[in-house]
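Trainee: pasting the structure only:
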């Protein structure tokens, strides 16, 4: 193989490739990636990498001098390419599996691996499909991913549950058992069996979100019950779906919350940050004391001190107190985009809904915390 | 004590204070800092912190409502203050050793420590002194500190050796045994015994450099054989000096290097970064192959690959090869400010001088590396 490509395009693709590459050292073959020329396409080469769960395929404009393919260590190439200065990079493979990377006056020689040994990513025709604008997809990921579980304790919660709710509508839902986040979003060309749901893993959504701009205007999502593909522009991701059943969260979403509190979002964020700044715990408990027109926030009363703050709010009912992990409140407050947020609860121990007063498509539910101070 | 100060001034001083505070947990008292009002000064309060070796004293404008002093945990206060939003911060102590920090609507209550338990920093009148402009001081630190040793293996090399060379001149010198860096700089009001030298510890120079802009135009340096003080503007550092003798480096600086190589500094840096990018070793060995008009750089020939690069240089003599740790070359190349740099050596195994062709006041010597590839 011999190709020439622009250093900047090469470098930014390598960043995406490297993000997918397996960082653990248990499967050395997965530290590599593949560049191949494509039959019938003389303008692009295909970059691909996989960690078995998630695969990335990206087309990069290149001048192709000799067809072929190479498989080479992703980190090594990335480390070298980020130091290069000239505009064009030439990549050439020899029969002894050496890769020569030439840029300006510099020449690098790297060992490579038989392409056949690397697990190949094949994009498939999948039965279920939909199209979503990039902006909507970014929003769906931002509004749900924060509530998905990060550790391996419950595999079925390590992602976002995507479900068709009919009429060109999808519901994106995540929960870690202490909170949930749900957004309903219109899509186009929905061809998904009603009430069919799949669990999309965190890593796939994180990577899709990170490079979202590269998809262009909209993303085509296709899937069956094993895998899902995101395609748009010159980039495609293919991910295995999480096996297992996503819990039915509908009963957890309270329907009869009667107390409504309207809070300025930025002030609330600032207050939470101030009040939680003293805590040494990871989740930083905070007590909200809600009374007519006023919200008072209190940290724990600990040996190392305490912080209180207060702010004006829109609230007309009886006074009440409720405790939360401030981390959970902040996670949802920073993704909501409206000026104010609405908290809906029933009493000090009821699951609380947090949402924008202007947008019924999103809601988050947070379980309160018993606060004994 | 009760004072009111501007949040921004408070916050930036706390950053300096925190940088000095002892991060190890072996001496809990050193995790605190002190604020005190000063008799006869109603416009400022004094912040101070120490790790026994290095102390910082900074005056911060404040409105003083009640004289006094407090000693409180630096990290706690810093974590809280960085979240505050309003302009003014009020600090008040109670007789029960509680500190109340009020800002806008928020109020924090922190436990504090008896000020008497905290090691007090007293700025002294010291016999030796000089004045140096802030720009010159920054330069002296930048041009030498990189070559000082970072581990504890040889305590006397863990700093920069400062020596008066008479006639309002000082020499700043550092070495780690593999390289040295030396700069000669004019100072004002030099009142130091000739040939007197002291070793200033890394941490002191790092902190002085970090906040250099706060000194104003120039810094007054005073010292005896135990301690050194840096004062200017509203800020003072006091550091213990390193005991012990600094090695005599003069014999190491080669006087009869006949080979002179003139290299474009930026191109050299880029080439070194490219060629060293493949290495897995920390110090990244590189071979320089110097011939008339051309410098070729080669990485090790390792299983994981190799990189070569070349560039035009000013050199007229016989061809020769010499190896270096590229890390050492880069450390000095990035602090030199001229367009070109000059390498002076005698042969493949001779200590090499690196300096700016335009500035005789600075030089660095690097020991070559035996390169066997």
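Mentor: Okay, I see it. None of the values given here were measured: they were computed from a predicted structure.
Trainee: which SS class is residue A:29?
Mentor: helix (DSSP: H, G, I helix; E, B strand; the rest coil).
Trainee: name the SS class of the residue nearest the centre of chain A, please.
Mentor: In chain A, the centroid-proximal residue (C-alpha atoms, centre = their mean) is residue A:206; its distance is 2.8 Å. Assigned by three-state DSSP, the conformation of residue A:206 is helix.
Trainee: what sits against it?
Mentor: residue A:145 (C-beta atoms under 8 Å, 6 or more residues apart in numbering or on different chains). (Each C-beta comes from the backbone N, C-alpha and C, glycine too.)
Trainee: could you list the domains of chain A?
Mentor: A:2-117, A:128-250, A:253-366 (automatic domain parsing).
Trainee: tell me the mean pLDDT over the longest one?
Mentor: Spelled out, it's domain A:128-250. The average of the pLDDT scores along domain A:128-250 is 95.
Trainee: how distant is it from the center of its chain?
Mentor: 9 Å (C-alpha atoms, centre = their mean, to the nearest Å).
Trainee: which strand in chain A has the most residues?
Mentor: strand A:41-50 (DSSP state E).
Trainee: elements contacting it?
Mentor: Here strand A:41-50 touches helix A:7-20, strand A:32-38, strand A:54-61, going by 3 or more C-beta pairs under 8 Å, 6 or more residues apart in numbering or on different chains; DSSP states H and E.
Trainee: how big is the angle separating it from strand A:54-61?
Mentor: Here strand A:41-50 runs at an angle of 160 degrees relative to strand A:54-61 (axes from the mean of the first three to the mean of the last three C-alpha atoms, to 10 degrees).
Trainee: got the angle for strand A:41-50 vs strand A:32-38?
Mentor: Going by the same axes, to 10 degrees, strand A:41-50 makes 160 degrees with strand A:32-38.
Trainee: so what are the sheet partners of strand A:41-50 and their directions?
Mentor: Partner strands for strand A:41-50, per DSSP bridges, with pairing direction: strand A:32-38 (antiparallel), strand A:54-61 (antiparallel).
Trainee: possible to save those as JSON lines with mean pLDDT and distance to residue A:98?
Mentor: Shown next, in JSON lines, are the strands paired with strand A:41-50 (pLDDT from 0 to 100; distance: least, C-beta to C-beta, whole Å):
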{"stretch": "strand A:32-38", "mean pLDDT": "97", "distance to residue A:98": "14"}
{"stretch": "strand A:54-61", "mean pLDDT": "98", "distance to residue A:98": "22"}
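Trainee: in TSV, list those strands along with mean neighbour count.
Mentor: Shown next, in TSV, are the strands paired with strand A:41-50 (neighbours: other C-beta atoms under 10 Å in any protein chain shown):
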stretch	mean neighbour count
strand A:32-38	22
strand A:54-61	21
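Trainee: which strand or helix spans residue A:347?
Mentor: Secondary structure assigned from DSSP states H and E places residue A:347 in neither a helix nor a strand.
Trainee: show me where the stretch 251-373 of chain A has its strands.
Mentor: In the stretch 251-373 of chain A, the strands defined using DSSP state E, counting those that start in this stretch lie at A:259-264, A:285-291, A:294-299, A:306-312, A:320-325, A:340-345, A:352-355, A:362-366.
Trainee: enumerate the residues of the stretch 251-373 of chain A near chain B.
Mentor: Taking C-beta under 8 Å from any C-beta of the partner chain as the contact definition, the stretch 251-373 of chain A meets chain B at A:270-271, A:273-275, A:277-278, A:303-311.
Trainee: just the buried ones from these?
Mentor: A:270-271, A:273-275, A:277-278, A:305-311 (16 or more other C-beta atoms under 10 Å in any protein chain shown).
Trainee: from these, pick the one nearest residue B:145.
Mentor: Nearest to residue B:145 among those is residue A:277, at 33.7 Å by C-beta to C-beta.
Trainee: for residue A:372, see how far away that closest one is.
Mentor: 21 Å (C-beta to C-beta, to the nearest Å).
Trainee: what does residue A:186 give?
Mentor: Distance from residue A:186 to residue A:372, by C-beta to C-beta: 45 Å.
Trainee: also residue A:322?
Mentor: 13 Å.
Trainee: between these two, which one's more packed in?
Mentor: It is residue A:322, of residue A:322 and residue A:372, that has more neighbours when counted by other C-beta atoms under 10 Å in any protein chain shown, with 22 against 8.
Trainee: pLDDT at the more buried one, what is it?
Mentor: 97.
Trainee: need the residues of the stretch 1-150 of chain A near chain B, please.
Mentor: A:73, A:76, A:79-80, A:82-85, A:104-111.
Trainee: just the buried ones from those?
Mentor: The buried subset of the residues of the stretch 1-150 of chain A next to chain B - by 16+ other C-beta under 10 Å - is A:73, A:76, A:79-80, A:83-85, A:104-111.
Trainee: what's the farthest-apart pair in those residues?
Mentor: Longest span within those, C-beta to C-beta: A:85 and A:111, 24.3 Å.
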